[in-house]
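Undergrad: no sequence for this one, just the structure:
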């Protein structure tokens, strides 16, 4: 095949997810009664808040060509920690909103651990993050002994529940997070270096890009975002327990891939991931409105990942795939 | 600055832009560079030619910091320098523009231009895009490229990408003190006519800012653009001529080496090929590699294919082995059409492949000699899916004896054998699989001298037993010595067919003519 | 002229891998025995081996996948599906539920293999995605609840997994039988040889004309089949089937494979190593309980063990850039 169309395809590909989203909107508006409704849209955005925060981190990692499977574990530990720091049923602490930065910081610390383990041991990221993730869930379970912490601090819960201009604070926080992530991606050196590492790590190294440092930093950043997601999740549910992040990994990876961030790295943007979240959340919502039982969502998401990767024009599809 | 005439080495009053003096680089078994000296004056365009294995790419690797020379010096603007990494070399003013290109296609021109050097445009880790783009525009102006700096490189044509890479090298101007030398490694193979002319015009215009080294197999182009030309062979510089005074034939002679030793290649055993056509290729083409390839392979024949890097011969070999796909044309083996692009089909049809990268595609290092030998025809060593190990051992032992493979046993991991013996195991594999045609892709690469002769004997044995061989050799000498007939390829086409029967061996020069 | 160079690093690494697991197993067993002498009694040992069967079966299928250099993250979902299938199908289909569940497992493996080989999706994503579909299927079949298997059905059709013969639990026989069969497959069949070859050198296998895609497909099918078998055996013991029955087995399965000595890079290791690894995991688990590390914290240990074992066994010379 002639080599040029890659350039043309690049442009089309970044629009494809958006087209899919619009098509979904159109289709569901026609097919169901409840979809095209302001209140429903509000619900969609609320449901998107935490996933959006999660995919910011996931995007950074996937851009470098790695993957982070520790998401559920990090959410668990940061959520549990936060739930134990605010007024709750288990500990006498009452730190109020100060718990938020602590929870985020814990996420960042675990992210840093992820990065360091991955680059030091030179083991595949999916394996090291899987291990760390499991260890985190285990830690959360161990600390709680299987129990659940009940949060009674209403100010804290307000960050997910209380509304501002009709949307929960959580949604606005998600918007700000996207802004921050976008800034990092577009305007900082680290952001640009992520693309270089994903594009061709060898060349990047030869040219003088600090590859090791950047990769560790990417994991740390992802950890911060995931920590924030854990805080939001705890606030939303009003509880802290080890399964706080259950099921979130799947949605995160599906959204990122479906939105157009290439698994091979170097291609895509946090905005792509946001579109991906909207697609997944809309589809889930649509399925519910169409009367499909909620457990079916996992199947649909699974098929979506397969379709998204199969239809993409990743470089990784050219090499030996393992 | 006024136009500078080509500076003469003798009359150079100021230090050369780039100079390499007595550089030597050796690897186990081969001397890549043998006391090589080369000089690029300010504002000069120096050409570098030589056939495969002459040492051009090793020289480039030494100049760009990928290799460190075992001895010798590199001087930039008269000062001695040492490179420990490609970035080092770049920081000293040596830019490389090469065929595979080193642009990140997923990033913009501006980002590529200053990749790794962004600190000039950043404060506290935040990039100032306006300044970055403005600086990029200034650099692009030097090569007359009027494209938005934010353009993603994947959208540029090959010619444009090349200009960006040149601009990247030139961006060192004013940022370092010293001289800038741009190494252009086979820059024109991927360009169209129009773009080549453009490139040359730019290079001439840019001589005020930088010196150039033009490495290419296209002799006519090298002579057109260069002031002086160096010729390399076997790791040495064999000649240095002024482009204006050069005679193409003289250059050819400088590129090739000593005369053949007929005994070394067992010429006495070279038999005339049979008349039966074993493999027929028609209209073969693969986009970007070769087209219009047509030839016939006869029984017991050794058909050599000559060509420099970029001639398409290596892609052709891999396509015949089914490891890469064809865009058009047909191949028939023993009258049966061959399904292209499938190694399984090729092996079934009787084509075996001795790969260039033996350790990657030829052997499975961790497995035993016997396991490697039977891999291409395991079904012959099994009943109903169950392996018959005793038979496997017996057959392996048989071939170890027959080919004189030096190994403690058939269960020894093949990775611990020497290169030559590994190669023999690979040959045994195809004999066991019953191949009738073998494609040998640089079969003596990584094989020491003594073992090479063994391989030559085996080649004669095989043709005597009725096998037909297609051969790509490391050196012209080896190719001529072993082949009965030679196809010469250049830029994707067959440019000549030369008879190489025993007793009427062609001169290397005769082949070079059609290769460059 | 000596044609033999000094043996390449293969040898000492192989030696270490071959025996490290056995040594570790014996050492761990003795250590736990020191703390709790009752552990070393034959009855306890038998319970240990018997209980390890489920883990071993699940890990065994995935072992071949890892030997190829890929990974299968759907095994726990497939096992749970199998448990749901036999629990819900016994009333209507009788003993046919068992082959149906096995077939379903094979089909899931086929889906994984197909997505991976034909659509060229990296195995961890392909199997993760398929696991999502499989979990949904389980929830649907079971009506989102746990389904009990009655004593009647258990005795009638699962006796081969729950009973005892000659004083030894049937699970032990099942595990051993599978072990012997799979070792046979690995060492004595063309299929097994091809798996090793592809794992050690996929490019060379391709160049030798091997139908790599087909082998990979069958490996995933086998993985799904064994995962289903492990789910059936486990549900026999639990007397119920549920969509999340086998969830806790994913991490220990991968840990068993890696700790046993099979490298993620492919080629090295095998079924016997996984058996040892599964036993090590079991001993580790029991040991931790004796020592007082609560069941929840054990996951931390496993997570760490996993990372360390992977780092130790991976062959870094094979991969230049680790992602």
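TA: Structure received. Given the structure is predicted, the values throughout are model-derived calculations rather than measurements.

Undergrad: how about whichever strand or helix holds residue C:60: buried residues?
TA: If you go by DSSP states H and E, residue C:60 is part of helix C:42-67. Buried residues in helix C:42-67, counted by 16 or more other C-beta atoms under 10 Å in any protein chain shown: C:46-67. (Glycine included, C-beta is placed from N, CA and C.)

Undergrad: For the helix or strand following that helix, the averaged confidence score.
TA: Sequence order places helix C:75-93 as the next helix or strand after helix C:42-67, per DSSP H and E. Mean per-residue pLDDT for helix C:75-93: 93.

Undergrad: Show me what helix C:75-93 is packed up against.
TA: helix C:42-67, helix C:97-117, helix C:123-142, strand C:147-148, helix C:151-157, helix C:212-238, strand C:240-241, helix C:250-260 (3 or more C-beta pairs under 8 Å, 6 or more residues apart in numbering or on different chains; DSSP states H and E).

Undergrad: For it, buried residues please.
TA: Under 16+ other C-beta under 10 Å, the buried positions of helix C:75-93 are C:75-90.

Undergrad: quick one: least confident helix or strand in chain B?
TA: One helix or strand of chain B scores below all others by mean pLDDT, DSSP states H and E: helix B:248-255, with a mean of 81.

Undergrad: Run through who's touching it.
TA: Helix B:248-255 is contacted from outside by B:49-51, B:54, B:219, B:223, B:229, B:231, B:233, B:238-239, B:241, B:509, B:512-513, B:516, using C-beta atoms under 8 Å, 6 or more residues apart in numbering or on different chains.

Undergrad: Now restrict those to buried residues only.
TA: B:49-51, B:54, B:219, B:223, B:229, B:231, B:233, B:238-239, B:241, B:512-513, B:516.

Undergrad: From the contacts of helix B:248-255, which land in helices?
TA: Counting by DSSP state H, those place B:219, B:223, B:509, B:512-513 in helices.

Undergrad: Quick check: next helix or strand after the least confident helix or strand of chain B?
TA: Next along from helix B:248-255, by DSSP H and E: strand B:277-286.

Undergrad: So what angle separates the directions of the helix or strand that that next one is followed by and strand B:277-286?
TA: Next helix or strand after strand B:277-286 toward the C-terminus (DSSP H and E): strand B:290-298. In terms of direction (axes from the mean of the first three to the mean of the last three C-alpha atoms, to 10 degrees), strand B:290-298 departs from strand B:277-286 by 180 degrees.

Undergrad: State the paired neighbours of strand B:290-298 in the sheet, together with their directions.
TA: Using DSSP bridges, the strands paired with strand B:290-298 are strand B:277-286 (antiparallel).

Undergrad: In the strand it pairs with, which residues are buried?
TA: Neighbour counts over strand B:277-286 (16+ other C-beta under 10 Å) mark B:278-281, B:284-286 as buried.

Undergrad: Let me know the average pLDDT across it.
TA: For strand B:277-286, the mean pLDDT works out to 93.

Undergrad: is the residue nearest to residue A:238 when sequence neighbours are not counted in a bridge, and if so with what?
TA: Nearest residue to residue A:238 in three dimensions, chain neighbours excluded: residue A:151, at 4.9 Å (C-beta to C-beta, 6 or more residues apart in numbering or on different chains). Beta-bridge pairing of residue A:151 under DSSP bridges involves residue A:88.

Undergrad: Near residue A:151, how many other residues are there?
TA: 24 (other C-beta atoms under 10 Å in any protein chain shown).

Undergrad: Show me the residue of chain A that gets nearest to chain B, please.
TA: Scanning chain A for the residue nearest chain B gives residue A:208, at 3.4 Å (criterion: C-beta to the nearest C-beta).

Undergrad: can I assume that residue is in contact with residue B:119?
TA: No - using C-beta atoms under 8 Å, residue A:208 makes no contact with residue B:119, being 10.1 Å away.

Undergrad: between those two, who's got more neighbours?
TA: residue A:208 (17 against 11).

Undergrad: distance of that one from residue B:65?
TA: According to C-beta to C-beta, to the nearest Å, residue A:208 stands 12 Å off from residue B:65.

Undergrad: hey, what's in contact with both of these two?
TA: Common contact partners of residue A:208 and residue B:65 (C-beta under 8 Å, 6+ apart): residue B:87.

Undergrad: so the residue in the stretch 201-350 of chain B that chain C sits nearest to is in which element?
TA: Nearest residue of the stretch 201-350 of chain B to chain C (C-beta to the nearest C-beta) works out as residue B:347 at 2.8 Å. Assessed by DSSP H and E, residue B:347 sits inside helix B:343-349.

Undergrad: How confident was the prediction at residue B:2?
TA: For residue B:2, the predicted pLDDT is 39.

Undergrad: go on, residue C:12?
TA: 65.

Undergrad: and if you look at the one 4 residues further on?
TA: According to the model's per-residue confidence, residue C:16 sits at a pLDDT of 62.

Undergrad: how many other residues sit next to the spatially closest residue to residue C:240 that is not a sequence neighbour?
TA: Once flanking residues are discounted, residue C:240 sits nearest to residue C:148: 4.8 Å by C-beta to C-beta, 6+ apart. Neighbourhood size, residue C:148 [other C-beta under 10 Å]: 14.

Undergrad: same deal with the one 10 residues further on?
TA: A count of nearby residues for residue C:158, using other C-beta under 10 Å, gives 22.

Undergrad: What of residue C:275?
TA: 27.

Undergrad: ok, it touching residue C:260?
TA: Yes - applying C-beta under 8 Å as the test, residue C:275 and residue C:260 come out as touching, 7.3 Å apart.

Undergrad: Relative to chain C, how far out is the closest residue to residue A:95 other than its chain neighbours?
TA: Spatial nearest neighbour of residue A:95, chain neighbours left out: residue A:85 (4.6 Å); criterion: C-beta to C-beta, 6+ apart. From residue A:85 over to chain C the distance is 20 Å, taken as C-beta to the nearest C-beta, to the nearest Å.
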